[in-house]
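**Q** A structural model of the following input is requested.
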Amino acid sequence: MSFDYKPNFTLSIQAEDFEVKIAETQADIENAQRLRHEIFLEEGLGRRHETGLDFDDYDQIADHLMIIYKPSGTAVGTYRLIHTKFANKFYSQNEFSLDDFLKIEGDKLEMGRACTHADFRNGRTMDLLWQGLSEYINISGTRYLFGCSSVNTTDQAVMFSLLKSLHKKEQFKLEHGINPIGQYMWPKATELFEAAQPMPGFVKELPPLLRSYLHAGSFVYGMPAFDEDFACFDLFTILDLRKLNKKFQARYGAQAG
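**A** Numbering: from 1, shown residues only. I've put the predicted structure just below:
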């Protein structure tokens, strides 16, 4: 899919065999979309698109954070970043009611389409993503990070037990009117949540990216959305960067706008 593209911000971090950067050209974006296709479509769903790319209309209004493995020149990690300074529509609004949250004072950054190549799923890659994200936060003056975090299960018992566990650890909130909408609503979600029991050792069952968000100081808001296309539940997360975990702040240098 071809479109006129100009990044809202640019950055480049050199780290031995890697470069962390914001996509600057159509070719850069296709490099990220190729990785997304490999992870989300081929690996996740066993599907292929004839283009070999994963794309949608939100790519045109986003900045694309990438980790480039220099020896091959390929993207091995990526984030799609949509900022309220430059956009008034967000991918998460397809699944969740966000009107009240978006009215809160402070610039906000939606993080989505996060993925890493199978050969690079380690702490080093996560560190590089956070380094790039932190620099972007500082450049853009961001106050809030938000987005959907996928839990790869279709088992409602597992999902609501995890949610009850987050509630017990005070990492779950019912605020800002955030809840799934339309086809993403799970029947009797509130009743299932109230009846669920916390899951022992639940942290191990959480996806690594969601664990990272929670460790940084994020909270999950509202009931989970069920994404039938990707056979998963999505949890909506918000991180107020003025309440960022001090260890994260010291390690990555992110400063709230």
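
**Q** where does the protein dip in pLDDT?
**A** For the chain, the stretches flagged by pLDDT under 70 are 1-3.

**Q** quick one, helices of the stretch 51-200 of the chain?
**A** For the stretch 51-200 of the chain, helices defined by DSSP state H, counting those that start in this stretch occupy the ranges 99-102, 123-140, 156-168, 189-195.

**Q** which parts of the second one are buried?
**A** The neighbour-count check on helix 123-140 (16 or more other CB atoms under 10 Å) flags 125-126, 128-138, 140 as buried. Bear in mind the C-beta positions are built from the backbone N, C-alpha and C, glycine included.

**Q** check the third one too.
**A** Under the neighbour-count criterion of 16+ other CB under 10 Å, helix 156-168 has Q156, V158, M159, F160, S161, L162, L163, K164, S165, L166, H167 buried.

**Q** pull the contacting residues for the last one.
**A** With contact taken as CB atoms under 8 Å, 6 or more residues apart in numbering, H167 is in contact with F193.

**Q** on that earlier part again, any chance of CSV for the buried residues of helix 156-168, columns distance to Y69?
**A** Putting these into CSV (distance: CB to CB, whole Å) gives the following:
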residue, distance to Y69
Q156, 39
V158, 35
M159, 35
F160, 39
S161, 38
L162, 33
L163, 36
K164, 40
S165, 36
L166, 34
H167, 40
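
**Q** out of the buried residues of helix 123-140, who's nearest R242?
**A** I137 (11.7 Å; CB to CB).

**Q** excluding covalently adjacent residues, which one is nearest to that closest one?
**A** The shortest distance from I137 to any non-neighbouring residue, by CB to CB, 6 or more residues apart in numbering, is to A254 (4.8 Å).

**Q** from what I see, the one you found and Y136 are in contact.
**A** No: counting by CB atoms under 8 Å, A254 does not reach Y136; the two are 9.1 Å apart.
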